[in-house]
Every structure is written in C-alpha cells, then in structure tokens.
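Trainee: sequence below, structure please.
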Amino acid sequence: MYKLLSVWALVVLSVQIVHSWDYAVALEKRIDFFKNDTITHSITSHQFKNLTALAYDALHDTLLIVDQQTDNSSVYRFNFTSNDIELILTRKQIQSIVHDPAKDLLFWVQERNIFSIPLKSGSKCDVSDQNLVIKLHDEIPSSIAVDSCEGFVYWTNKIIAKPTIERVRFDGTVREVVLDKDIHEPYHLVIDPQIKKMFWIDMRHNETHNYQIKTAYLNGTNDTGIVDGNGRSPKALTVSSQFIYTVQQGLLIHIYKMQKPKGDIRYVYESEPEGHPSLIIEAKYTLGEQTSGIQECKALTSLLQNNSENETSRHIISELESLICVHGEKVNATSCTCAPGYIGERCDVSVCQNYCIHGTCSVSDEGEPSCGCESGYSGARCDIKMCFNYCLNNGVCYFTEEKEPLCQCSGNNRGSRCEAIGNDTVSPTFSSGDKNYTLVDLLFNRRKVNGKFIVNFEIESE
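Mentor: Numbering: from 1, shown residues only. Predicted structure coming up:
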C-alpha cells in the first residue's frame, strides 16, 4: 500500500523532488518514484499509452522513457529540473534501451538489430546520425547493457536452441560470445561499472528452480547464481550503487531489494495493480557513484570532472541572470517569495502538481493542498482504495449511495466486514460500516448497489 506522508513533508519534497529518488517503476501509463522504498512522486502524461522501457541518463540527469503505441515506439526524455517531458525519437518496436554517458549515445534493440544514435541534452535526436551497430541473423536479442569503460554493448540472446550473452564494440567490431554455458533464457541484463559485473534474470524451465538471478564478471568468468526462485519470476531488474532491485506481479505488485553483491533479498513495497502494468524498474546510479574508487576508467572519471566543472559554470551563470518569479514577488536578485499554493525557486510549481492520485486537488487560503477523492478512494492523497481488503471471508465489497463501503457476506459470515460466523436463522442483511440493513430497508428505502438490489441471506440458529 502507498505510505502516507504529511502535507508539509510533501511540500518540502516537491521543491527538490526530482533529485531525491532511489528508483522508478513504470506502470502502464504512470511512473512512480521511490525514496527509501516509499513513493514520493509520480508522473503521468496524456502521451503515455503503454510504457515498456526506462533508462537513466547519468550524464544529463534525465530519465529516458519508451512508450509503445501499436507498431511505433516513442522515446521521451523527462527533465528532472524543469519537469518537462519531450519526444526525442520515434522508431518501430523498440524492445530495450540503454544510455552510454562516455560517448553520450542511446542504444536500442529493434527486431534483430542493435542501433545507436547521439543523444544531446535539450534537443531531439537527429535521425540522420542513426547507426546500425550490428545486425543479428540467428539470434533473438531481448535486452542490452553497456560497458562505458571498455566501449562494449552487451545483449542477451534468448533463442532456445542456443541462448547466449554476447558483446560487440560500439562501432560493431570485435563481436564475442561472453557466456553460452549453464544459461537457459536470459533477459533484463544490467551492468554495474563500479564492481565490473553484469546481472541478469535467467528462466530455468523444467528445473528445481524456475528462475535465477545471476551475476558474472564482464568477460563471463565467475558465473554465479545469487537468487533461486520458484513461482512468479521477476519482470525486471536494476542496480544502484548499493542494491539490486526486482519487481514482480501476482495478485499484488511486489518490489524486492538485496544488498550487492549478494545479500538477503526482501520485499520492500507492495500495491494493488491497476490496468495492465508493464512493470519496468530503473535505479538512479550517478556518475560519481559509478566511478567511485575506479581510477582506471578514464572514459568516466574525466567525464565526471568535466561535468562537474560545467555544472559549476551553469550555476554561476544562473545566479547572474535576472530572476523571474512566476507566481510570487522577488526578494532579492536570487530568491522569490511565493504566493500561496506555489513553490520552487521561481514559484513556478503548484503544490497541487501530481498531489492527488485519484481525486481533485484544491489549495487552502494558507497554500496547503487538499484532495477531493473520487468515489471508492480515500486518504490524504486519495491513494487508498476503500474496498481493498475491506470485506473478510470472501465477502464482496460495494458502495452505498453515500459512498460508504458495503459488504455482501458469503456463507454463514456476518458483521460489518463479514468478520463473524453466524448461527442458523434466516436473516437477510447488508452491512456497511457500523450499520446493518435488512431486506425491508433495501426494498422500502430503495437503497441500491450498482443499480440493482443484492441480498445476502445469513443463517442463524438458536
């Protein structure tokens, strides 16, 4: 379930919200951002129809998003500073994406081909710069990852006859098979540059365990299983500087994490699924974290230094520029006093932005957000489904005309939540909150549920 935060905490988080996240999960049409395993922020867009892939751009601190609509895939870039979502590339059936900060290249899998294109901050990709890295004839690539230090792009080949993990130079030369033994159906490959290892999920059909999370060095040596599992396999995998995260879906969506390189795996979050979520997970892994203690990776360490100098220059220029207070008054050359209901350095962010999950947001005279929830939802942010786990013992939950949850009990169960076992007398009743309605109430007071009468005959005996 979503964890509730105080209104004040949410206001504070929204100022620097984009810089305060550990990992993000893409559902069907929404992306949730997590900090300390709690949702702090969500983004949606009318452009999103079926989100299928995420990739963190550590160079520009942006999130790359793939949305699949019919045969076309659109790649969007979410800018954390401005909260803008911009379309940067459209291609047919993009299956997996990854960003290389060293060369500032975007790689993707399209059918049996791997492509790359230069990715520049603030501008759309120039399709004339698209490059075919490698064309695969007999393999079926499912996911890709990059080793920025050595300049390799890796992919998982999930063809059942001969599954492999392979790599090739960014220019398409020096193709190598990295792993082809004890591998069944690999997917969701990720590379951790800090410890020079790769991680992937491997489906293990007709074995004791039906999936494994595995790891190996980038040259394929020391191939090791770190998690053996049965039941529902993880749908996605990602790594940060400290943790390995996976997400899977059954009746509920579960997020699990474990300490790198091998620790106890535990679930840290669960929620009820909405729609048909694709469930892609991506961790924030900064350049500083990737290069910590690695002096030999000049491609990233020099990039980190240059990026830091550029950030300092941009900050100085920003300080010297004239400050515009969108919804507020200027205090001095560098700060604004915001009108009630607005926050941010330029007072350009509404406190209502993405605040109410299932409801309408309004702002009080004091500038605090509050939600008017849609039918069936409650909570400070309208993020709690009132019927979720409300009726016990297989009771069916409905809503009265007053929008109160109402339980139709089954068998001999009774009570406001069907929590008690009845006796053997016929007593047709409905329960709602702390109220009980009889059949007479339903008929003569015309109480309805979903436009029709529903009667629960409970048996009581003396």
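
Trainee: ranges for the strands of the stretch 51-200 of the chain?
Mentor: Along the stretch 51-200 of the chain, the stretches classed as strands by DSSP state E, counting those that start in this stretch are 51-57, 62-69, 72-79, 85-92, 94-100, 105-110, 113-118, 131-135, 141-147, 152-157, 164-169, 176-179, 185-192, 197-203.

Trainee: return the most buried member of those strands.
Mentor: Ranked by mean neighbour count, those are led by strand 152-157 with a mean of 24 (mean count of other CB atoms under 10 Å). Glycine gets a C-beta too; all of them are placed from N, C-alpha and C.

Trainee: quick one: strands adjacent to it?
Mentor: As defined by DSSP bridges, the strand partners of strand 152-157 come to strand 141-147 (antiparallel), strand 164-169 (antiparallel).

Trainee: as JSON lines, the strands of the stretch 51-200 of the chain with distance to Gly422 and mean pLDDT would be great.
Mentor: Rendered in JSON lines, the data for those read as follows (distance: least, CB to CB, whole Å; pLDDT from 0 to 100):
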{"stretch": "strand 51-57", "distance to Gly422": "47", "mean pLDDT": "95"}
{"stretch": "strand 62-69", "distance to Gly422": "51", "mean pLDDT": "94"}
{"stretch": "strand 72-79", "distance to Gly422": "54", "mean pLDDT": "93"}
{"stretch": "strand 85-92", "distance to Gly422": "54", "mean pLDDT": "92"}
{"stretch": "strand 94-100", "distance to Gly422": "55", "mean pLDDT": "94"}
{"stretch": "strand 105-110", "distance to Gly422": "59", "mean pLDDT": "96"}
{"stretch": "strand 113-118", "distance to Gly422": "64", "mean pLDDT": "96"}
{"stretch": "strand 131-135", "distance to Gly422": "68", "mean pLDDT": "96"}
{"stretch": "strand 141-147", "distance to Gly422": "54", "mean pLDDT": "94"}
{"stretch": "strand 152-157", "distance to Gly422": "56", "mean pLDDT": "96"}
{"stretch": "strand 164-169", "distance to Gly422": "60", "mean pLDDT": "96"}
{"stretch": "strand 176-179", "distance to Gly422": "61", "mean pLDDT": "96"}
{"stretch": "strand 185-192", "distance to Gly422": "50", "mean pLDDT": "94"}
{"stretch": "strand 197-203", "distance to Gly422": "47", "mean pLDDT": "94"}
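
Trainee: got CSV for those, with distance to Ile265 too?
Mentor: As requested, the strands of the stretch 51-200 of the chain are arranged in CSV below (distance: least, CB to CB, whole Å):
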stretch, distance to Ile265
strand 51-57, 21
strand 62-69, 25
strand 72-79, 29
strand 85-92, 33
strand 94-100, 24
strand 105-110, 28
strand 113-118, 31
strand 131-135, 34
strand 141-147, 21
strand 152-157, 21
strand 164-169, 22
strand 176-179, 23
strand 185-192, 16
strand 197-203, 13
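
Trainee: quick check: which of those strands is nearest to Gly225?
Mentor: strand 197-203 (8.0 Å; CB to CB).

Trainee: list of residues touching that closest one?
Mentor: 143, 145, 154, 156, 165, 183-192, 210-218, 233-234, 237, 239, 244, 246, 261 (CB atoms under 8 Å, 6 or more residues apart in numbering).

Trainee: just want the angle from that strand to strand 164-169.
Mentor: Inter-element angle recorded for strand 197-203 and strand 164-169: 140 degrees (by axes from the mean of the first three to the mean of the last three CA atoms, to 10 degrees).

Trainee: what about the strands paired with strand 152-157, which gets the closest to Glu402?
Mentor: Closest to Glu402 of those, according to CB to CB: strand 141-147, at 50.0 Å.

Trainee: tell me which element the spatially most central residue of the chain falls in.
Mentor: Nearest residue to the geometric centre of the chain (CA atoms, centre = their mean): Val25, 0.7 Å. Assigned by DSSP states H and E, Val25 belongs to strand 23-26.

Trainee: give me the distance from that strand to the chain's centre.
Mentor: 2 Å (CA atoms, centre = their mean, to the nearest Å).

Trainee: do stretch 129-141 as well
Mentor: 28 Å.

Trainee: endpoints of that stretch, how far apart?
Mentor: With CA to CA, to the nearest Å as the measure, the first residue of stretch 129-141 is 23 Å from its last.

Trainee: now do that stretch: everything it contacts.
Mentor: 95-96, 107, 109, 112-118, 153, 155-159, 164, 166, 168, 170-172, 175.

Trainee: repeat that for 7 Å
Mentor: Here stretch 129-141 makes contact (CB atoms under 7 Å, 6 or more residues apart in numbering) with 107, 109, 112-118, 153, 155-159, 168, 170, 172, 175.

Trainee: ok, now stretch 212-231?
Mentor: 147, 178-179, 182, 191, 196-202, 204, 209-211, 237, 261-262, 265.

Trainee: residues of that stretch that come out buried?
Mentor: Applying a neighbour-count criterion of 16 or more other CB atoms under 10 Å, one finds Gln212, Ile213, Lys214, Thr215, Ala216, Leu218, Gly220, Asp223, Ile226, Val227, Gly229 buried in stretch 212-231.

Trainee: could you check the angle the helix or strand hosting the third one makes with strand 164-169?
Mentor: So that's Lys214. Using DSSP H and E, Lys214 falls within strand 211-217. Put simply, strand 211-217 runs at 40 degrees to strand 164-169, going by the same axes, to 10 degrees.

Trainee: can you name the next helix or strand after strand 211-217?
Mentor: Per DSSP H and E, the first helix or strand lying C-terminal to strand 211-217 is strand 224-229.

Trainee: re earlier: nearest to Cys371, of the strands paired with strand 152-157?
Mentor: Closest of those to Cys371 is strand 141-147, at 38.5 Å (criterion: CB to CB).

Trainee: okay, buried residues for stretch 288-307 please.
Mentor: Gln290, Thr291, Cys297, Ala299, Leu300, Thr301, Leu303, Leu304, Asn307.

Trainee: contacts for that stretch, please.
Mentor: Residues contacting stretch 288-307 (CB under 7 Å, 6+ apart): Ala58, Leu59, Pro101, Ala102, Ser148, Cys149, Pro193, Gln194, Ser241, Leu287.

Trainee: let's go with 10 Å and repeat that
Mentor: The set of residues external to stretch 288-307 that reach it, using CB atoms under 10 Å, 6 or more residues apart in numbering, is 58-61, 100-104, 147-151, 192-196, 240-242, 286-287, 308.

Trainee: hang on, the earlier thing: and the angle from the strand holding Lys214 to strand 185-192?
Mentor: Using the same axes, to 10 degrees: strand 211-217 against strand 185-192 is 40 degrees.

Trainee: gap between Arg91 and Gly395?
Mentor: Going from Arg91 to Gly395 by CB to CB, to the nearest Å gives 49 Å.

Trainee: now Glu274
Mentor: Distance of Glu274 to Gly395, computed by CB to CB: 22 Å.

Trainee: also Gln408?
Mentor: In terms of CB to CB, Gln408 sits 6 Å off from Gly395.
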